[in-house]
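[1] would you be able to build a 3D model of this:
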Amino acid sequence: MRSILITGASGFVGRVALPSLQQAWPQAKLHACARVIPQGLQATNICWHALDMTQATSVEALVAKVRPQAVLHLAAQAHVPTSFAEPERTWAVNLHGTRYLLEALARHTPQAIVLQIGSADMYGSSFQNGEPVQENSPFAPLNPYAASKAAADLAAYAHAHTSDLQIIRVRAFNHTGAGQSPAYALSGFARQIARIEAGLQAPVLEVGDLSAQRDFLAVQDVVAAYVLLLQQARQVPSGYAVNVASGQAHRMQNLLDLLKAHAKIPIEQRQDPQRLRPSDIARVCADNQRLQSLGWRAQVPLEQCLQALLAHWRWQIAQEISC
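    Model (predicted):
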């Protein structure tokens, strides 16, 4: 491939994906999009573009200029609490931004490969029977974020059947790693531990419902799946759906215990009612046989990933203290 477009490239997954895409396609020009171009991320063969996904004319102009052969569509408003506070922006970015992108691609580069990155949250109530969900499990979203991503997935399905775009509809389950926002549970826990170790917080972790079970991957394994799907996109029908997940559910308490085991001092925990979500599902787990059938296997042990996450926050807190 000569040209690859990555939306949401300045985000958590995007920053990990860029070097992996460079390694997989060293001759390709990578066009990285972000609402605000970040400082210090310039690299050879990466061209940064400021792009607001809610502006149809801006999306159209960029696609017409770049004419990518492949697209990794990561851009999203992905924070569930924010989706309740700002539903209009959530729908504008997640659904309409996806529509604008697909429509522009169909006009200007109709043979492009598109990875539409969706979320496990789209399955919603389908998790309630406790079984691993398959790609044909129904969408039953329980929050504005999930609903907007489900709508975007269906828009991608329609384009797969009404255009020549080669679309894969990814359902990404939980993932974490160094660089993730502390708004997400495991990164938030790691940040609290680092602050406690630095004497900036009492030795008590504020937590939500830790009885919940979630299907987690290291972000590196998620990105490896995306690269593999781009490489093999022509081998599956357009509109193909794939769960990107470990296929195993972990209790959040067990994952927190792994983090606490690497803390330098004893730490207690206390449930914070503000961290509880009324619509939380008890167990989230994927059937990942489709992904495994393409040759993907997880490579990064979750404990190793959590150690790296904690090390990142120790470094980050040390930087904040020194400023």
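[2] my read: Pro38 touches Gly11, true?
    No - in this structure Pro38 lies outside contact range of Gly11 using Cβ atoms under 8 Å: 9.8 Å. (Glycine included, C-beta is placed from N, CA and C.)
[3] who's more crowded, these two?
    Shown here are Pro38 and Gly11; by other Cβ atoms under 10 Å, Gly11 has more neighbours (21 against 14).
[4] isn't there a helix covering Leu5?
    No - using DSSP: H, G, I helix; E, B strand; the rest coil, the assignment for Leu5 is strand, not a helix.
[5] and it, what pLDDT?
    Looking at Leu5, its pLDDT is 99.
[6] all helices for this protein, in order.
    Along the chain, the stretches classed as helices by DSSP state H are 12-24, 56-66, 80-85, 87-91, 97-108, 144-162, 185-197, 219-232, 252-261, 289-293, 302-322.
[7] buried deepest among these, which one?
    Stretch with highest mean neighbour count among the helices of the chain: helix 185-197 (a mean of 23; mean count of other Cβ atoms under 10 Å).
[8] from the middle of its chain, how far away would that helix be?
    What separates the centre of helix 185-197 from the centre of its chain is 20 Å, taken as Cα atoms, centre = their mean, to the nearest Å.
[9] give me the contacts around that helix.
    The contact list for helix 185-197 (Cβ atoms under 8 Å, 6 or more residues apart in numbering) reads 176, 180-182, 201-208, 216, 252, 255-256, 259-260, 263-265, 267, 306, 309-310, 312-314, 316-317.
[10] only alpha carbons, please: show that helix as PDB.
    Extracted C-alpha coordinates of helix 185-197, given in PDB (Å, rounded to 0.1, in the frame of the first residue of the first chain):
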ATOM      1  CA  ALA A 185     -10.400   2.100  35.200                       C
ATOM      2  CA  LEU A 186      -7.000   0.300  35.100                       C
ATOM      3  CA  SER A 187      -5.100   3.400  34.000                       C
ATOM      4  CA  GLY A 188      -6.900   5.400  36.700                       C
ATOM      5  CA  PHE A 189      -5.900   2.800  39.300                       C
ATOM      6  CA  ALA A 190      -2.300   2.800  38.200                       C
ATOM      7  CA  ARG A 191      -2.200   6.600  38.400                       C
ATOM      8  CA  GLN A 192      -3.600   6.600  41.900                       C
ATOM      9  CA  ILE A 193      -1.000   4.000  43.000                       C
ATOM     10  CA  ALA A 194       1.800   6.200  41.500                       C
ATOM     11  CA  ARG A 195       0.400   9.200  43.400                       C
ATOM     12  CA  ILE A 196       0.200   7.300  46.600                       C
ATOM     13  CA  GLU A 197       3.800   6.100  46.300                       C
END
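[11] just the mean pLDDT for that helix, thanks.
    Computed over helix 185-197, the mean pLDDT rounds to 97.
[12] swap in stretch 212-231?
    pLDDT averaged over stretch 212-231 gives 98.
[13] keeping just the C-alphas, turn it into PDB.
    Only the C-alpha atoms of stretch 212-231 are listed here, as PDB (Å, rounded to 0.1, in the frame of the first residue of the first chain):
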ATOM      1  CA  ALA A 212     -17.500  -6.900  37.200                       C
ATOM      2  CA  GLN A 213     -15.600  -9.200  34.700                       C
ATOM      3  CA  ARG A 214     -14.100  -7.700  31.600                       C
ATOM      4  CA  ASP A 215     -12.200  -9.100  28.600                       C
ATOM      5  CA  PHE A 216      -8.900  -7.300  28.400                       C
ATOM      6  CA  LEU A 217      -6.000  -7.200  26.000                       C
ATOM      7  CA  ALA A 218      -2.700  -5.200  26.000                       C
ATOM      8  CA  VAL A 219      -3.000  -2.400  23.500                       C
ATOM      9  CA  GLN A 220       0.000  -3.900  21.500                       C
ATOM     10  CA  ASP A 221      -2.100  -7.000  20.800                       C
ATOM     11  CA  VAL A 222      -5.000  -4.900  19.700                       C
ATOM     12  CA  VAL A 223      -2.900  -3.000  17.200                       C
ATOM     13  CA  ALA A 224      -1.300  -6.300  16.000                       C
ATOM     14  CA  ALA A 225      -4.900  -7.500  15.300                       C
ATOM     15  CA  TYR A 226      -5.600  -4.300  13.300                       C
ATOM     16  CA  VAL A 227      -2.500  -4.700  11.200                       C
ATOM     17  CA  LEU A 228      -3.400  -8.300  10.500                       C
ATOM     18  CA  LEU A 229      -6.900  -7.300   9.500                       C
ATOM     19  CA  LEU A 230      -5.600  -4.700   7.100                       C
ATOM     20  CA  GLN A 231      -3.200  -7.300   5.600                       C
END
